[in-house]
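*Asks:* this one's sequence-less:
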């Protein structure tokens, strides 16, 4: 299935955020492909205009990404 233009932009955003953060969790320093994910600081459902703004993203390990969503939900 072809990737939409929007999905391509989000994937590019995600890679740019991880590159900026050195592919490390900004909380604990865990690093590496498959170990880290990108997180929108301001949720894209509330701020769709910031979905691909690199300043609205941070890199988190899987554990901290789950934790932040648990705290915010």
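*Replies:* Looks like it arrived, so ask away. Note that the coordinates shown come from a computational prediction; the quantities given were computed from them, not determined experimentally.

*Asks:* what is the burial count for the spatially closest residue to residue 32 that is not a sequence neighbour?
*Replies:* Nearest-residue entry for residue 32: residue 23, 6.4 Å, with adjacent residues in sequence omitted and distances by Cβ to Cβ, 6 or more residues apart in numbering. Every C-beta, even on glycine, is put in place using the N, C-alpha and C of the backbone. Residue 23 is flanked by 16 other residues according to other Cβ atoms under 10 Å.

*Asks:* residue 30 now?
*Replies:* Neighbour tally, residue 30, other Cβ under 10 Å: 16.

*Asks:* what's near enough to touch the nearest residue to it once chain neighbours are set aside?
*Replies:* Among residues not flanking residue 30 along the chain, residue 61 sits closest, at 3.9 Å (Cβ to Cβ, 6+ apart). Contacts here follow Cβ atoms under 8 Å, 6 or more residues apart in numbering; on that basis residue 61 touches 25, 27-28, 30, 35-37.

*Asks:* from residue 36, how far off is residue 61?
*Replies:* 6 Å (Cβ to Cβ, to the nearest Å).
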